[in-house]
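Q: Build me a model from this:
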Amino acid sequence: MDKTTHYWIKLPKDLRVSITKRLTRNEILVLRATCNRLRYLVPFPQRPVSPNSTLNIPSPVSSAVCDSSLLSLTQSTLYIIRPIYNTPAVAGCTCMWLVNVEELNSGRVRVKDPLTGALFRNLPNNSLPNSLNLLDYRVTEIAQSYGLGLASDHDDCKGRNAYFVQKVVVSPCFEDDSFTIMAIYSMKKLGIWRKNDPNWTQIPIGDGRVYVEDIAFHKGKFYALNQTGLTIAVEPKSFEVNEIVAPNPKFNGTGIKHLVKSFQDLFLVFKQIYCHDNVEINFEDEEESERYLYPVRVDVFKLDEEINQWVHVVNGLKDTSFFVDNACSYSISTKEFPAFRENCVYLIDTLFIKDYDNKYPGWCTGVYDLKDGTVAPLSNFPIYSKNFWPPPSWLNTNGSRIEDEECTSS
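A: Predicted coordinates:
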């Protein structure tokens, strides 16, 4: 037993409880893994919600449209995994791996694409370890994403995504252990549901005739954005609605917009596809050819909460990169995680698919450089694409499993 573990065991119970409340779930698992005594003293952390959760949520649409009148909340977590020990396999490289997993009540996990959130099935044998020894790696939580699945009695259907729900955002738990869910469903509708409510409450945004593009939870409130750029904030307890940013003609009806929370700020990523009508392309110029093949433009705006405006970010993201998709958008500090390309936006679009037969993490992803406006498929940059797939060679696929089950006193 090292000195640090010894000090932990000697701490008064109330102080130990206070400290563990401030730790993430993975930090608690690592702490419990250090010795048997701590496994007894530190309670097993609560598992994330899963399709097997007993929480049954009413459907926001009629039963005639939905296969089930009840839904369940699903949760996935994105992690960056790094080795702790400097072995010959990791010497001289940045050694990071971004992975998206959904943990079930059984303790098993589902592996998802960290960029699209799609489930991966029929992965090659031995491509992933059966378990990870958390003492061998540094695991950093990057973001969480949520979904609504069918609460069916049939195992084949349980947890299957409700097709009519486009995006789900969840508030933190309140003092009474309740929480609130906001969802975009049926494309144009915005709804909100608080735990134990009998029905969903529809939230008005604009005239209701245009699509709701994205939602996010930021500084204690839900934010929603529609096609016109109209942005509203919704209180998670009272459901009070306030207009934050008025509609703007530059956003109206064109492009795709995503909300990205980065540190203490909220950003809007505006992606547009443009055409090359009556323009001659010099295919001998590699850069010009790339622009023709991938006619994408991305602009980033930051919410100025003092003037309630989306302000164009002209100096780029510097040491940050954004990852945007309909299911989940998030940011990564490239200063803390230098394996990822800085000042870029990682985009999901069928434009970037090179191989339709092999679906792997990043297979339909493009990388847009905000500095020079260039864009290309992620597969064009092996130094960055290896952070997604295949799993790194330093990941021990034959490691022993940590049996971390909840301890009981005898």
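
Q: Rounded mean pLDDT for stretch 312-325, please.
A: Across stretch 312-325, the average pLDDT comes to 90.

Q: Give me the residues contacting it.
A: With contacts defined as CB atoms under 8 Å, 6 or more residues apart in numbering, stretch 312-325 is touched by 114-117, 258, 260, 262, 267, 269, 271, 299-302, 329-335, 340-348, 370-371. C-beta coordinates here come from the backbone N, C-alpha and C atoms, glycine included.

Q: Show the model's pLDDT score for Asn282.
A: Looking at Asn282, its pLDDT stands at 42.

Q: Tell me if I am right that Gly149 is in a strand.
A: Yes: assessed with DSSP: H, G, I helix; E, B strand; the rest coil, Gly149 lies in a strand.

Q: quick one: low-confidence ranges for the stretch 151-300 of the chain?
A: For the stretch 151-300 of the chain, the stretches with pLDDT under 70 are 152-163, 253, 275-292.

Q: Going by residue numbers, what spans are helices in it?
A: According to DSSP state H, counting those that start in this stretch, the stretch 151-300 of the chain carries its helices in the segments 286-293.

Q: Strands of that one, start to end?
A: Along the stretch 151-300 of the chain, the segments classed as strands by DSSP state E, counting those that start in this stretch run 165-170, 180-185, 189-194, 201-202, 212-218, 221-226, 231-234, 241-245, 256-262, 265-273, 296-304.

Q: partners of the fifth one, with directions?
A: Think strand 212-218. If you go by DSSP bridges, strand 212-218 pairs up with strand 221-226 (antiparallel).

Q: Glu141 and Tyr79, how far apart?
A: 6 Å (CB to CB, to the nearest Å).

Q: Sorry, wrong one. I was asking about Ile332.
A: From Ile332 to Tyr79 the distance is 12 Å (CB to CB).

Q: could you give me the average pLDDT of whichever strand or helix holds Ile28?
A: In this structure, Ile28 sits in helix 25-33 according to DSSP states H and E. For helix 25-33, mean pLDDT is 70.

Q: Check stretch 330-346 too.
A: Rounded mean pLDDT across stretch 330-346 is 90.

Q: May I have that stretch exported as PDB, CA atoms only?
A: What follows is stretch 330-346, C-alpha atoms only, in PDB (Å, rounded to 0.1, in the frame of the first residue of the first chain):
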ATOM      1  CA  TYR A 330     -18.600  18.900 -28.400                       C
ATOM      2  CA  SER A 331     -15.200  20.500 -28.200                       C
ATOM      3  CA  ILE A 332     -11.700  19.300 -27.400                       C
ATOM      4  CA  SER A 333      -8.700  21.300 -26.200                       C
ATOM      5  CA  THR A 334      -5.900  20.600 -28.600                       C
ATOM      6  CA  LYS A 335      -3.500  22.100 -26.100                       C
ATOM      7  CA  GLU A 336      -4.500  19.400 -23.600                       C
ATOM      8  CA  PHE A 337      -4.900  16.700 -26.300                       C
ATOM      9  CA  PRO A 338      -2.400  17.600 -29.000                       C
ATOM     10  CA  ALA A 339      -3.200  14.400 -31.000                       C
ATOM     11  CA  PHE A 340      -6.100  16.300 -32.500                       C
ATOM     12  CA  ARG A 341      -5.800  18.900 -35.200                       C
ATOM     13  CA  GLU A 342      -6.200  22.500 -33.800                       C
ATOM     14  CA  ASN A 343      -8.500  25.200 -35.100                       C
ATOM     15  CA  CYS A 344     -10.600  22.800 -37.000                       C
ATOM     16  CA  VAL A 345     -14.200  21.600 -37.200                       C
ATOM     17  CA  TYR A 346     -14.800  17.900 -37.700                       C
END
